[in-house]
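**Student:** next come a sequence and a model predicted from it.
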Amino acid sequence: MAIRLGFVGLSSQGWASSMLAPPLLQAPLKSTYTLAAVSTTNANSAAASAEKYSELAKHPVKPYHGSTATIAADPELDFIAVAVKAPEHKTAVTPIIEAGKNFFIEWPAGKNLQETTEMAEAARRKGLRTLVGTQCRQSPTVQKIKEIAESGQIGRILSSSIIARSPNPPPYIWGPKISEGTTFTADAEQDTTLLDIVGGHFLEGFTHALGPFTSVTSTLAVQYPTAEVVDASGNPTGKTIPQTGANQVAFTGTLASGAVASIHWRGGVSAEGGKAGSPFVWVIDGEKGSIRVENDVPAGAYIHIYEPDLYLNEEKVEVSQDGQTNTGRAWAEYAKGDAGNFPTLEDAVKLKQLLEAIKTSARDGKRVDL
């Protein structure tokens with residue numbers, strides 16, 4: 001029987017409509033999940049969304065709006081997906097947990113470690129199954145790296161070095177310009193910074209492949225303390241806002257395996273530069289060989305979206321693709337039940353602890369052990 005799904009935050013445009021929901025409406029997942037209801041902030045947007053997805057799904061999709069308590073109370077739904085702004089995650093998820101419904105929540109799964117921990121504990125008390133949308137773990141390249149590392153092909157892992165660039169094209173975030181609809185990303189307290197969002201998506205896949213960190217030493221730099229607010233087309237609005245989120249994130253650390261890791265995320269730069277700008281380079285050295293992962297497209301650092309090239313020693317490795325997106329692969333893994341390989345809220349708590357350690361190290365100027 002198909003999993004009957006309700007989707008909170010699924011409007012006519014945005015991340016949920018472009019990246020999260022489409023796999024549910026396409027083969028092979030359209031026989032696994034049935035999109036049965038949507039919920040948005042108001043009645044008009046809910047009606048528009050329900051009309052759109054009724055047409056796409058080829059069956060009626062019910063509209064809900066306002067508090068998620070209404071969609072959570074629908075007895076015909078087995079599972080609720082939540083994709084709203086991070087500061088609103090806990091408010092949206094709490095009624096779903098109280099209703100005893102299994103759920104998906106897009107990363108960052110709460111605006112801070114406390115919220116994520118509280119949601120995870122509440123879900124655990126209810127015995128609920130959770131899925132967190134980090135996407136990177138599902139990357140075929142990340143899975144291949146894990147396979148190579150664990151097989152011993154390159155011997156004991158000695159180090160992992162990453163240089164990555166987060167460009168500042170529309171939507172403008174984490175740079176000298178901020179889009180009107182994403183101004184909350186400038187506030188470090190909202191946990192939607194470059195480190196929290198891009199770093200979080202990536203580090204969940206990184207630690208899945210190479211294992212957890214045992215210590216970190218970091219530097220976070222705010223090079224644009226004031227950001228210019230622009231419209232959707234990048235035109236100035238005449239407004240500026242303070243920016244407390246770091247646009248340069250650099251840290252080193254040790255992994256449980258004993259390997260040394262070095263990561264530098266560079267933000268606040270344009271999309272220009274191509275290969276010279278090194279959008280994404282990841283080198284893993286072992287005692288008997290090396291892995292190199294790279295992507296030269298402007299947003300190539302977002303490997304949870306854009307699949308990079310993988311080289312084992314001097315040979316390019318053709319990574320098997322199944323035609324799915326990483327989001328689609330996550331939905332498929334969740335449907336397998338206990339046999340599935342997907343990140344949960346428990347994993348999200350561990351990831352938040354790592355991010356907090358990076359922030360603490362930068363603030364206090366010292367190494368933080370995990």
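**Tutor:** Everything's here; your move.
**Student:** tell me which stretches of the stretch 151-300 of the chain form helices.
**Tutor:** With DSSP state H, counting those that start in this stretch as the criterion, the stretch 151-300 of the chain has helices at 194, 200-210.
**Student:** next SSE after the helix or strand of the chain with the lowest mean pLDDT?
**Tutor:** Least confident helix or strand of the chain, by mean pLDDT, DSSP states H and E, is helix 15 with a mean of 86. As assigned by DSSP states H and E, the chain's next helix or strand after helix 15 is strand 33-40.
**Student:** parallel or antiparallel, which strands does that following strand pair with?
**Tutor:** Strand 33-40 pairs in its sheet with strand 3-8 (parallel), strand 62-65 (parallel), by DSSP bridges.
**Student:** quick one, phi psi at P87?
**Tutor:** The phi and psi values for P87, taken as degrees, to the nearest 10, are phi -60, psi -10.
**Student:** what sits against the residue nearest to it when sequence neighbours are not counted?
**Tutor:** Nearest residue to P87 in three dimensions, chain neighbours excluded: K111, at 4.9 Å (Cβ to Cβ, 6 or more residues apart in numbering). The way it works is simple: take the backbone N, C-alpha and C, and place the C-beta from them, glycine included. By Cβ atoms under 8 Å, 6 or more residues apart in numbering, the contact set of K111 is 86-87, 89-90, 189-192.
**Student:** state the distance from K111 to K352.
**Tutor:** Distance of K111 to K352, computed by Cβ to Cβ, to the nearest Å: 10 Å.
**Student:** and for E318?
**Tutor:** From E318 to K352 the distance is 35 Å (Cβ to Cβ).
**Student:** next one: V84
**Tutor:** In this view, V84 and K352 are 18 Å apart by Cβ to Cβ.
**Student:** what is the neighbour count of E88?
**Tutor:** 17 (other Cβ atoms under 10 Å).
**Student:** so it sits in a helix?
**Tutor:** Yes: assessed with DSSP: H, G, I helix; E, B strand; the rest coil, E88 lies in a helix.
**Student:** contacts for stretch 192-206, please.
**Tutor:** 85-87, 107-108, 111, 132, 134-137, 139, 142, 160, 164, 166, 173-174, 184-185, 220, 245-247, 249, 265, 267, 301-304, 343, 347-348, 351-352, 354-355, 358-359.
**Student:** tell me the mean pLDDT for that stretch?
**Tutor:** If you average the pLDDT over stretch 192-206, you get 95.
**Student:** likewise stretch 36-52?
**Tutor:** 95.
**Student:** flag every buried residue along it.
**Tutor:** Of all the residues in stretch 36-52, those buried under the rule 16 or more other Cβ atoms under 10 Å are 36-40, 45-46, 49-50, 52.
**Student:** out of those, which one sits closest to A335?
**Tutor:** A36 (15.6 Å; Cβ to Cβ).
**Student:** need the pLDDT of the closest residue to the closest one other than its chain neighbours.
**Tutor:** Spatial nearest neighbour of A36, excluding adjacent residues (Cβ to Cβ, 6+ apart): R4 at 4.8 Å. If you check R4, the pLDDT there is 97.
**Student:** which residues does R4 contact?
**Tutor:** 33-34, 36, 76-79.
**Student:** kindly recompute the last result at 7 Å.
**Tutor:** Counting by Cβ atoms under 7 Å, 6 or more residues apart in numbering, R4 touches 34, 36, 76-78.
**Student:** same thing with T244?
**Tutor:** Contacts of T244 by Cβ under 7 Å, 6+ apart are 186-188, 222.
**Student:** do the same with L312
**Tutor:** 148, 289, 291.
**Student:** surely G245 is in contact with D191?
**Tutor:** No: at 9.2 Å, G245 does not count as touching D191 under the criterion of Cβ atoms under 7 Å.
**Student:** quick check: beta-bridge partners of Y33?
**Tutor:** Beta-bridge pairing for Y33 (DSSP bridges): I3.
**Student:** counting neighbours, what do you get for it?
**Tutor:** If we define neighbours as other Cβ under 10 Å, then Y33 has 23 of them.
**Student:** now do stretch 118-128, average pLDDT.
**Tutor:** Stretch 118-128 comes out at a mean pLDDT of 98.
**Student:** how about residues contacting it?
**Tutor:** Residues from elsewhere that reach stretch 118-128, judged by Cβ under 7 Å, 6+ apart: 90, 93, 97, 100, 102-103, 110, 130, 345-346, 348-349.
**Student:** just the ones of the residues you listed in helices?
**Tutor:** Among those, the ones falling in helices (DSSP state H) are 90, 93, 97, 345-346, 348-349.
**Student:** now the strands: where do they sit in the stretch 201-350 of the chain?
**Tutor:** For the stretch 201-350 of the chain, the strands defined by DSSP state E, counting those that start in this stretch occupy 213-221, 226-230, 236-242, 248-255, 260-269, 280-286, 289-295, 309-312, 315-317.
**Student:** how about low-confidence regions in the stretch 201-350 of the chain?
**Tutor:** Across the stretch 201-350 of the chain, the ranges flagged by pLDDT under 70 are 271-274.
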